[in-house]
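Undergrad: just a sequence and a predicted model for now, questions to come.
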Amino acid sequence: MLDLPAHIPLVFILTTLATYIIFIFAMLNSKDERVKKRANFIAVVMLLWLIFQSTLSLNKWYMDRTSVPPHLAFPLITSIVVIVLLFILKRGKKLLDGLSLETLTWLHTVRIPVELCLLWLAMHKQVPFSMTFEGYNFDIAFGLTAPIMAILYFRKKKISRSILLGWNVLALISVVAVVIRAIGAVPSPIQAWDFAQPNYAVLHFPFIWLPAFVVPAVVLAHLVAFRQLRRKTV
């Protein structure tokens, strides 16, 4: 583990736990009983994935800076494959359609503590400042506005479906831009920028959970929103 003040990894662990719990509630709050019944199984699978990633990072597997592609590609590619399968398989599509979009909208609030952790990490030279809201990362704005969108659309019925859809589009563009920035700053043969202060933290526990779980959960929440809003199921 990195030599950091205890509050930084603690806040990030709690943020990951919050992401995990909110995603489970997105299943438990479903109107589809079949989705609710799958919640326990999916919760176990996600927990095992988090433990597996923790084991790899604690054993310094991600510290190999010479591998091409970098080992960090493993959780990223795995997440992409899982998301694609969810959108093409019949059972996967039923699961996506059954998730509570209101709960998934609240999930985006985890971006607030994530951004605070990134800033703290940058201050300790573990990630570049370009990855924080002092640089090119505007993700915190979507974490702050997520409760507003959830309340105005699902509770107050004050905004239209197109506004919520547009918010999701902008928020997804934001997180993808941050991911691209982060990948290019990872110390590896393909590093493209931020050589003076690279993206070092994500190679270590617990910050490996950012690319391995938190970011995929956020991206999936946006993609579910696109599917449900365009199909007018919410």
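TA: Sure, I can see it. Residues are numbered from 1 along each chain as shown.
Undergrad: going forward, measure contacts between C-alpha atoms and count neighbours the same way
TA: OK.
Undergrad: over to the residue lying farthest from the centre of the chain: give its phi and psi.
TA: Most distant residue from the mean C-alpha position of the chain: K158, 27.6 Å away (Cα atoms, centre = their mean). With angles defined as degrees, to the nearest 10, K158 sits at phi -100, psi -10.
Undergrad: show me the contacts for it.
TA: Counting by Cα atoms under 8 Å, 6 or more residues apart in numbering, K158 touches L152.
Undergrad: what separation do you get for it and R230?
TA: Separation of K158 from R230 (Cα to Cα, to the nearest Å) stands at 19 Å.
Undergrad: now swap in I148 and tell me
TA: Distance of I148 to R230, given as Cα to Cα: 21 Å.
Undergrad: roughly how far apart are I42 and F12?
TA: For I42 relative to F12 (Cα to Cα), the value is 22 Å.
Undergrad: sorry, wrong one. I was asking about E102.
TA: Distance, E102 to F12, by Cα to Cα: 24 Å.
Undergrad: same question for R227.
TA: From R227 to F12 the distance is 29 Å (Cα to Cα).
Undergrad: so if I had to pick from these two, which one is more boxed in?
TA: Higher neighbour count among R227 and F12: F12, with 23 against 16, using other Cα atoms under 10 Å.
Undergrad: doesn't F205 make contact with the more buried one?
TA: No. In this structure, F12 is not within contact of F205 by Cα atoms under 8 Å, at 10.0 Å.
Undergrad: neighbours of the closest residue to K31 other than its chain neighbours, how many?
TA: Nearest non-adjacent residue to K31, counting by Cα to Cα, 6 or more residues apart in numbering: G98, 6.6 Å away. Here the number of neighbours of G98 (other Cα under 10 Å) works out to 23.
Undergrad: and L170, by the same measure?
TA: L170 has 13 nearby residues by other Cα under 10 Å.
Undergrad: again with Y153
TA: Counted with other Cα under 10 Å, Y153 comes out at 18.
Undergrad: and what of I80?
TA: Residues near I80, counting by other Cα under 10 Å, number 14.
Undergrad: after the helix or strand harbouring it, next one along is what?
TA: Using DSSP states H and E, I80 sits within helix 73-88. Remark: after helix 73-88, the chain's next helix or strand is helix 90-98, criterion DSSP H and E.
Undergrad: quick check: mean pLDDT of the next helix or strand after that following helix?
TA: Remark: after helix 90-98, the chain's next helix or strand is helix 101-107, criterion DSSP H and E. Mean per-residue pLDDT for helix 101-107: 98.
Undergrad: can you give me the helices for this protein?
TA: Using DSSP state H, the helices found in the chain span residues 7-28, 33-58, 73-88, 90-98, 101-107, 111-123, 139-150, 161-185, 209, 215-230.
Undergrad: next, the buried residues of the longest one.
TA: Buried positions in helix 33-58, judged by neighbour count with 16 or more other Cα atoms under 10 Å: 35-36, 39, 43, 49-50, 53-54, 56-58.
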